[in-house]
Every structure is written in structure tokens, then in C-alpha cells.
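Q: With the sequence up front, the predicted model follows.
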Amino acid sequence: MAGVSTKEIKTRIRSMEATRQITKAMEMVAASKLRRAQEQVLASRPYFETLYEAIHDIVDCNSDFSSGYLVNRPGNKALYVVIAGDRGLAGGYNSNVLKLVMSQGNNEELSVLPIGKKAMEFFQFRGVSILETGYCSAADISMGDCFTIAKKLCKQFTNGVYDKIYIAYTNFVSVLSQTPTILQLLPLLRQETGREGMSNSDVFYEPDSAEVFEKIVPEYLGGILYGALCESRASEHGARRTAMDSATQNADEMIDKLSLEFNRARQAAITQEITEIVAGS
Amino acid sequence: MTAFALKIVTPDGVKFDGMAQELVVRTTTGDTGILAGHINYVAPLGMGMATVVVDGVRQYAACIGGMVSVVNGAVTLLPTTFEWKDKIDVDRAELSKQRAEAVLADKATADTDILLAQARLKRALVRISVAARKP
């Protein structure tokens, strides 16, 4: 008789089928959530991009450094806002972005503001100092929360608690491809590309440039945070859908293989029985 | 009248992208009108009504928070929320106004809640007043 008993194979097929049902269901849920998240990303992306461009246009042509947000301080206390998911089973989605953060900051004093339960657990386990644990559920953070966080970050930055603030999120390239990304939020970076024709003298700030930055930077951070959150959410669902799709396929393959084995074993048992009967008579 | 390129983008999507003749927005220092050929300009937005003139037609909207910038003649309006007059949910604004007023009337409210309620009340009032405006 072929190694394993038919009963044992049957149990394995059953458990495989149960697993397959779960992964299939998770895939469908992720697919429907993905559609909504994707719409949100497509709607918010122009804002994200225009905001980024507008701020950098302003920063590039500001030369008087009157705002603290533009000053590159020598300190090395860095804060990472890390956006990950609340749940696992999403392929490499969580680990990719977390690993990227850990690979950064070798000579920086690292602190994190985790968004998403997985991010929080990861950094708690590694004993990284955590700014706040209030935003551990990435799914229910609203736009209002983003602006609250942004205001808090700006305050911490101007008070000198942190010298650099980064955001780590997952960029939603397509349903099949998501790339973890780190973006520097503060201080605002100047691109030394020598843009044509604009110097500080011909930009009119109302009431004045320091005040404008004071007001706009928190808004900018809030907007970027919200955009990154949308991207990350869509990425999470995309990654989960892909992971669950391949899990379902693997389960299918396994079931096929086990069924074949089961049929073989059954046939072998029958053949053996016949042989025994024939031999006995 | 000469037109200029205007882009209005919010987190909910692009609200306007095209040529406009005039833009009036409420900045933190008061209403500001922008015509074609404006100097490079940056200002944070307050809460108030925005007026956009496209092909001679005046359109009104509730415009709250964010910033407006003019860079080399192109105007970018980046509000936190921007609702055209006919898209404003008056019932919701009315409800939000009542809730905010209830919070403010309660003497036991904490200071942070008062600030939040005041902001909510202001937003609701802007929406209601824009929606109630006669064309």
C-alpha cells in the first residue's frame, strides 16, 4: 500500500479546502476594498502632487531662511512616521516598509510615530522609542487626524525635539506593484537645480514669508500625510489581494496533488484486496 | 478680460482645471482678488466664500483652509475643502451647526472641545451662507 492511508489524505484535503475557502474569501474582500481605495488614491493624487510642487516652488525661491522649517539643523534626532497595515497576510507589504525604516538612520537617533498596528508592534518589540501610540489603527484615521498629527509634528520640530522628520509609506504603483518609499518632510528640502527666473524678491508673501510658512507647513504636512495614507491603504489591499490570490492557487494545486494521491492509494488498496482474494482461492 | 490658468485641487480630487478670468478667495488677511498677470504670490487661506469667474459667469464656492499660490502666472488653489455652491450639503451643515452650538452652550465643555466646536461652527456657517447666496 502507498505510504499514507487514504483516511489521512482525505483529512488533509479537507483542511486544504477549508484554507482555500478562507484565502479565497480574503481575496474577494481585499479586491472590493482595493477598488474603493484605488478610487480614493486617484482622487487624492493630484492634490498630493500639486501640493508638493507648490511648496517646493515656494521653498526654492525663498532665500531669506526666515522660517525655522527651512533650516537644516546639525542634530541627528530623527522621527519617522511609519505607515503600515493593521493586519498581516498581505505578502511583503508590512515587512518591506518596516525593513526600509530599519535600514535607514544608522547614525541617527531614531524615534517613530507608528500608524497601523503592525508598525506599532514591530517597533515596540525592537525597543525603538515611540512618540505616540494613539494612531495604531491605520484603517480609521481620517483627514482630520492627519491635520492633528501634522500640527503636532510641526510643534515638535520647531521646539527642537526632532531635527528631521521623515515619512515612510508604500507607494501604490499598480495593483501588482507597490514600492516602499521614504520622504523627508522637515526641514523642507531645497532643490539646487537653478530654476529660471524666480528669486525671493519677486514673490509676494501675505502677510510675510515667516507667517506664511507658519500657516502653510502644517497644512502641507497634513496633506502629504493624508496622501501617503491613501497610497498605503491601497497598497495594503493590493498586496493582500495578490498574496491571497497566489495562496488560493497554491491551495488548488495542493488539492489536485492530494486528490491524485488519494485516488492512487484507493486504487492500490482495491488492487491489493483483489490480489489477496485471488491468491486465497 | 484676459484669462489665466487656474487649478483647484483638494484631497477629494480636482475641482477645477482650466482658464478663469477672476478669482476671489478669503485669505487669513482678508479677501483677495486675483486677475491675470498677478505677481508671484503666496498666502494661506482662511474660511470663506471663493468666487471664480469663468467665461464671464460667476461661480461661488465654500472654500476652507489650505493655500493659494501664483507662480509665473499660473494660479494654484489648494484648499482643504472646496465645495461649489450647488454641491453643498445644507442639511449636514445645519446639523453640524446645531451640534456645535450645543457643545458651546454647555458650560462643562473642555477648552480643546470649545476650539473644535468653534471651528466646526465657523465651517458650517460659511457653507450655509454660501449656499443661501442668491445667484
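A: Good, I have the coordinates.
Q: which helix in chain B runs the most residues?
A: Of all the segments assigned as helix in chain B under DSSP state H, the longest by residue count is helix B:111-132.
Q: can you tell if that helix touches chain A?
A: No - against chain A, helix B:111-132 shows no contacts by CB under 8 Å from any CB of the partner chain, the least distance being 9.2 Å. In this view, the C-beta of every residue, glycine as well, is placed from N, C-alpha and C.
Q: Same question for stretch B:90-101.
A: No - Stretch B:90-101 does not reach chain A (CB under 8 Å from any CB); its nearest approach is 12.9 Å.
Q: any weak-confidence spans in chain B?
A: Within chain B, the stretches with pLDDT under 70 are B:135.
Q: So which residue is smack in the middle of chain B?
A: Ranked by distance to the mean C-alpha position of chain B (CA atoms, centre = their mean), the top residue is B:Cys63 at 1.0 Å.
Q: ok, the nearest residue to A:Glu206 once chain neighbours are set aside - contacts?
A: Spatial nearest neighbour of A:Glu206, chain neighbours left out: B:Ala43 (4.4 Å); criterion: CB to CB, 6 or more residues apart in numbering or on different chains. By CB atoms under 8 Å, 6 or more residues apart in numbering or on different chains, B:Ala43 lies in contact with A:205-206, A:212, B:27-29, B:32, B:67-69.
Q: how about a cut-off of 7 Å?
A: B:Ala43 sits next to A:206, A:212, B:27, B:32, B:67-68 when contact means CB atoms under 7 Å, 6 or more residues apart in numbering or on different chains.
Q: coming back round to it: which elements pack onto the longest helix of chain B?
A: When contacts are defined as 3 or more CB pairs under 7 Å, 6 or more residues apart in numbering or on different chains; DSSP states H and E, helix B:111-132 packs onto strand B:47-54, strand B:57-71, helix B:90-105.
Q: Where does the residue nearest to A:Glu206 fall, secondary structure wise?
A: Using DSSP states H and E, B:Ala43 maps to strand B:40-44.
Q: And that strand, how far out from the chain middle?
A: For strand B:40-44, the distance from its own C-alpha centre to the chain's C-alpha centre is 15 Å (CA atoms, centre = their mean, to the nearest Å).
Q: need the strands for chain A, in chain order.
A: A:77-83, A:109-115, A:129-130, A:164-172, A:178-186, A:203-205 (DSSP state E).
Q: Of all those strands, which one is nearest A:Asn263?
A: Comparison of the strands of chain A against A:Asn263 by CB to CB identifies strand A:178-186 as nearest, at 41.0 Å.
Q: Just the CA trace of that closest one, in CSV.
A: Below are the C-alpha coordinates for strand A:178-186, written out as CSV (Å, rounded to 0.1, in the frame of the first residue of the first chain):
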residue,chain,number,x,y,z
GLN,A,178,3.9,48.6,-4.6
THR,A,179,7.1,50.2,-3.6
PRO,A,180,8.0,51.3,0.0
THR,A,181,9.2,54.9,0.0
ILE,A,182,10.8,57.3,2.5
LEU,A,183,10.1,61.0,2.0
GLN,A,184,11.7,63.8,4.0
LEU,A,185,9.1,66.1,5.4
LEU,A,186,11.0,68.5,7.5
